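Student: Below are the sequence and a predicted model for it; my questions follow.
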Amino acid sequence: MPLQQPVDFEGVKVTYFPSRVLRRLYWSPPMGRALTQLVADFDVVHLHAVYLWPTWAGARAARAHRIPYVMSPRGMLVPELMRRKSRWLKAAWVTLIERANLGGATAIHATSAVEAAHIAGFGWKLPPIITIPHGVDDPPEPSAAPLSSDVATAIAGSAPVLALGRISWEKGLDRLIAALPLAADARLVIAGDDADGQAAFLAAEARRFGVADRVTILARHVAGADKEALFGAARLFAMTSLSENFGLAAFEAMRRGVPVLTTADVGMSEIVREADSGLVVEPAPAAIAAGLNRLLMDAARSRAMGEAGKALVVEQYGWPTIARRMEALYRSVVRAPPARDTNP
């Protein structure tokens, strides 16, 4: 991409900036200079994620110019996840930087009630927390593209339980594997980008629990016809994450009429309950296995759950609906008093 000049991305002007030093934090002095010069020309600033330099720089520039801003932490302020990885560094960053960023915002955007509760749980003096879920894309038109051989093999035979998304310790896939000995009819397909060698660990867990013959791991990015084939073959979709601010892959499964088994720590579990589109279970392997057995043993009920979830998502969570809600949020913060500069 050309840098430091607007380019058209699907009808939106986007400017990319270089980050050559401290790339883990995306530190970019050219971006900082541009923010200082241009933020005053905008009606509202929307900042995404935490623990990153651009978020801090954007919040600082917005406060300096008294421009209202919205912050979307995107599930990165979950206490359990903070404790498990880089605990002290994240705690220091949150105390020294993110507390001021959040406190100076005109509104905070959460994607689920679970995420909103995590943010409120810090006990800080914060602006209103507004919950607007993710929207979901419609499935693509059927494709004549041939399937990859590993996907074709994975979906051959009995309909699998599908877990699609980044393969990471946060996803709780080890407890899904641990549930399989108690769910004899379940065959599991795990697909997604491997994070930190987690796929090898999960393969070892499958061998340890004696279910390696019922677990297929596709440790790679899956998209297009391959992704649709996995959704199309799945008997149900499982998301047993330790914490998930929303759970977009499970939402995509609902859009395709696939029933969902999830834990209460997944943000979109509230939508599963609302739609009666699957089961919300405790995170213990025995409870996960009981949920798998219920869904797998009653095919008619599972199909009805899948159709109920699809109907709700189409009606309430298409992008036009979500866009209207986000626009209403922007209009409300533009009318609100601008934030004061609490961190010059």
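Tutor: Now that the structure is in, tell me what you want to look at.
Student: CA atoms for contacts and neighbours, from now on please.
Tutor: Will do.
Student: ok, Ala199 - contacts?
Tutor: Shown in contact with Ala199 (CA atoms under 8 Å, 6 or more residues apart in numbering): 167, 217, 219.
Student: The helix or strand hosting Pro30 packs against which elements?
Tutor: Assigned by DSSP states H and E, Pro30 belongs to helix 29-38. Packing partners of helix 29-38 (3 or more CA pairs under 8 Å, 6 or more residues apart in numbering; DSSP states H and E): helix 53-64.
Student: Give the partner strands of the next helix or strand after the helix it packs on in its sheet and their orientations.
Tutor: Sequence-wise, the next helix or strand beyond helix 53-64 is strand 69-72, with elements assigned using DSSP H and E. If you go by DSSP bridges, strand 69-72 pairs up with strand 45-48 (parallel), strand 107-110 (parallel).
Student: Only alpha carbons, please: show strand 69-72 as PDB.
Tutor: Taking Å, rounded to 0.1, in the frame of the first residue of the first chain, the C-alpha atoms of strand 69-72 are listed here in PDB:
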ATOM      1  CA  TYR A  69     -14.300  10.100  20.800                       C
ATOM      2  CA  VAL A  70     -15.600   6.600  21.100                       C
ATOM      3  CA  MET A  71     -13.400   3.700  22.300                       C
ATOM      4  CA  SER A  72     -14.000   0.100  21.400                       C
END
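Student: What are the contacting residues of it?
Tutor: 44-49, 59, 62, 102, 105-110, 333, 339.
Student: now those residues: which count as buried?
Tutor: 44-47, 59, 62, 102, 105-110, 333, 339 (16 or more other CA atoms under 10 Å).
Student: which of these lies closest to Pro181?
Tutor: Using CA to CA, Ala110 is the member of the buried ones among the contacts of strand 69-72 that lies nearest Pro181, at 36.7 Å.
Student: The closest one contacts Leu77, correct?
Tutor: No: using CA atoms under 8 Å, Ala110 is not in contact with Leu77, being 10.6 Å away.
Student: Now do the strands in this structure.
Tutor: Using DSSP state E, the strands of the chain run over 7-9, 12-14, 45-48, 69-72, 107-110, 129-131, 161-164, 188-191, 215-218, 236-239, 260-263, 278-281.
Student: for Ala57, what are its contacts?
Tutor: Counted by CA under 8 Å, 6+ apart, Ala57 has contacts 32, 35.
Student: Including mean pLDDT and distance to Ala199, could the strands of the chain go into JSON lines?
Tutor: Output for the strands of the chain, formatted as JSON lines (pLDDT from 0 to 100; distance: least, CA to CA, whole Å):
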{"stretch": "strand 7-9", "mean pLDDT": "93", "distance to Ala199": "34"}
{"stretch": "strand 12-14", "mean pLDDT": "94", "distance to Ala199": "35"}
{"stretch": "strand 45-48", "mean pLDDT": "96", "distance to Ala199": "29"}
{"stretch": "strand 69-72", "mean pLDDT": "96", "distance to Ala199": "30"}
{"stretch": "strand 107-110", "mean pLDDT": "95", "distance to Ala199": "30"}
{"stretch": "strand 129-131", "mean pLDDT": "95", "distance to Ala199": "33"}
{"stretch": "strand 161-164", "mean pLDDT": "95", "distance to Ala199": "13"}
{"stretch": "strand 188-191", "mean pLDDT": "96", "distance to Ala199": "9"}
{"stretch": "strand 215-218", "mean pLDDT": "96", "distance to Ala199": "7"}
{"stretch": "strand 236-239", "mean pLDDT": "95", "distance to Ala199": "16"}
{"stretch": "strand 260-263", "mean pLDDT": "94", "distance to Ala199": "20"}
{"stretch": "strand 278-281", "mean pLDDT": "94", "distance to Ala199": "24"}
